[in-house]
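K.L.:
Sequence plus the predicted model coming up.
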Amino acid sequence: MGQMLLMACGECDTLQRVPLVEPGQKILCRECRGFLYRHPRGGIHRPFALMLGALLLYLLANAFPLVTLDIGGASRETSLMGTGWALYQHDMRLLGILVLATTVVVPGAIFGGTLYVLAGLRWRKNLPGMRGILLLLSHMHPWEMADVFIISVLVALVKMSGMAEVMINEGMYALLGAIVLGIAARAGMDIFLLWNMLEGIAPETSPEEAPAHAGRMA
Amino acid sequence: MSFPRARELGLARCDSCFQVARMTGKGDNCCPRCGSRLYFRKPHSLSRTWALLLASMIFYIPANIYPVMTNTYLGADTSSTILGGVALFLDEGDWLLALIIFTASILVPLAKMMSLLYLLVNVRRTQPPRRARQQARLYRVTELVGRWSMVDVFVIGILTALVQMGAISTVEPGIGALAFGAVVVLTMMAAISFDPRLIWDRDHP
């Protein structure tokens, strides 16, 4: 028997020792079948490369218009930021801020922050703020809605197609690419194992202070 | 049911990094690995979830009564509510889009509120373990699908940004959209506040 990990299920609180599984396998809770952790294939290099691509495409998505609308010769385009900003300007400040946060700020922070942490882990460097960023990333995901936004763009396009000519621009393809690469990157990492790796290169407490049951057991 | 539960042994799982650590019992305990606050169960989970759920139910009323947007086309105003938007797609024969909007804007928020209500009402009642498993699965799904309700809000934002053609056609967001945004955020916060471990606690007094 190889290395064992001590885990408690987040859904039913069942305490269990689980083996360190082979890449490509995951471990579910023996009591409630809730997800415990997953050992992704490809090590740290794969999510790093994918996330780098996602961030670059995401920056491009912000630099170019997403869609153009054309009604009888008058045309108008919008960007990713333009959507939340339009609501903000049309007397819907709170809603505009919510849209800007979920489609621009949080996705950007997740792409950039994850890449930063992965870079530190990849080169085994204790970068400043790594711990805090990973902590933030652990709670940010429900508020990242770029994927929901893409569906919304398609719905809006169909809605307008009857009265106007609509065109999909470069920004939309870049955003789609960023989302796909982001999902692939996320599939290549596991938050529990990332913390284990981070602990290996940047221990917060000195070994003599650490509690006796520090997650791993021989 | 032969496996011990972490709390019975004085251990707590960190919400952020999943480290299992001992609770000392005095004052606030922090995770030795990431520094987050440790607790056996999310603090005031049930009262927080109740409060957020009730607030979302209150906002659900204006979200459906008031128009989510107003379209001015060649001088004529048309205001539409969420339900009206679905009806419009159906009238035009876009049943797929009608289905998407109906699911994201009506079915998902309602189902989410109902399932949270069901979980809150039943969490303290003794029930067969099979029921607990079903409820745990219900919670998992509820937590996962909530964000998709934002589709309508984003659509309104995109239309507001694009359809600004002066005298020909303009789109203005309506107050219903703000209320609907509040429903989505509040139900998401309610789902996050709920601690699924409470579902299993009743079998382990």
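P.N.:
Cool, the structure landed. Numbers count the residues shown, from 1 in each chain, chains lettered A, B, ... in the order given.
K.L.:
List the residues that contact the residue lying farthest from the centre of chain A.
P.N.:
The C-alpha centroid of chain A is most remote from A:Gly72, which lies 40.4 Å away (C-alpha atoms, centre = their mean). Applying C-beta atoms under 8 Å, 6 or more residues apart in numbering or on different chains to A:Gly72 gives the contacts B:Ile168. All C-beta atoms are positioned from the backbone trio N, CA, C, and that covers glycine.
K.L.:
Torsion angles phi and psi at it?
P.N.:
phi 50, psi 50 (degrees, to the nearest 10).
K.L.:
can you check A:Pro19 too?
P.N.:
For A:Pro19, the backbone dihedrals (degrees, to the nearest 10) come out as phi -70, psi 160.
K.L.:
can you tell me how far it sits from chain B?
P.N.:
Distance of A:Pro19 to chain B, computed by C-beta to the nearest C-beta, to the nearest Å: 16 Å.
K.L.:
Quick check: pLDDT value at that residue.
P.N.:
With respect to pLDDT, A:Pro19 has a value of 91.
K.L.:
do the same with the one 4 residues further on
P.N.:
At A:Pro23 the predicted local distance difference test score is 91.
K.L.:
thinking again about what came up before, could you check how far the residue farthest from the centre of chain A is from B:Leu74?
P.N.:
11 Å (C-beta to C-beta, to the nearest Å).
K.L.:
Report the set of residues contacting both of the two.
P.N.:
B:Ile168.
K.L.:
just for the chain, where's the confidence low?
P.N.:
You didn't pick a chain, so chain A it is. Scanning chain A with the threshold set as pLDDT under 70 gives A:1-2, A:202-218.
K.L.:
wait, I meant chain B there
P.N.:
Low-confidence segments of chain B, defined by pLDDT under 70: B:1-2, B:203-205.
K.L.:
can you pull out the helices in it?
P.N.:
Using DSSP state H, the helices of chain B run over B:45-65, B:82-91, B:95-101, B:108-122, B:129-145, B:151-162, B:175-193, B:197-201.
K.L.:
Then chain A?
P.N.:
Using DSSP H, the helices of chain A run over A:45-63, A:80-89, A:93-100, A:106-122, A:130-140, A:146-161, A:170-187, A:191-201.
K.L.:
And the fourth one, what does it pack against?
P.N.:
What it means is helix A:106-122. Counting contacts by 3 or more C-beta pairs under 8 Å, 6 or more residues apart in numbering or on different chains; DSSP states H and E, helix A:106-122 packs against helix A:45-63, helix A:130-140, helix A:170-187, helix A:191-201.
K.L.:
Compare the ones you listed and give me the one nearest B:Ala51.
P.N.:
Comparing the helices and strands packed on helix A:106-122 against B:Ala51 with C-beta to C-beta, the closest turns out to be helix A:130-140 (20.0 Å).
K.L.:
buried set for the closest one?
P.N.:
With burial defined by 16 or more other C-beta atoms under 10 Å in any protein chain shown, the residues of helix A:130-140 counted as buried are A:Met130, A:Arg131, A:Ile133, A:Leu134, A:Leu135, A:Leu137, A:Ser138, A:Met140.
K.L.:
what's the distance between the fourth one and chain B?
P.N.:
Just to be clear, that refers to A:Leu134. 7 Å.
K.L.:
Contacts (any at all) between chain A and stretch B:51-62?
P.N.:
No. Applying C-beta under 8 Å from any C-beta of the partner chain, one finds stretch B:51-62 separated from chain A by no less than 12.3 Å.
K.L.:
contacts for that stretch?
P.N.:
Residues contacting stretch B:51-62 (C-beta under 8 Å, 6+ apart): B:109, B:113, B:116-117, B:120, B:175-176, B:179-180, B:182-183, B:186-187, B:189-190, B:193.
K.L.:
what residues are up against the residue found closest to B:Ser193 once you drop the neighbours it is linked to in the chain?
P.N.:
Excluding its sequence neighbours, the residue lying closest to B:Ser193 (C-beta to C-beta, 6 or more residues apart in numbering or on different chains) is B:Arg48, at 4.2 Å. By C-beta under 8 Å, 6+ apart, B:Arg48 lies in contact with B:Lys42, B:Ala190, B:Ser193.
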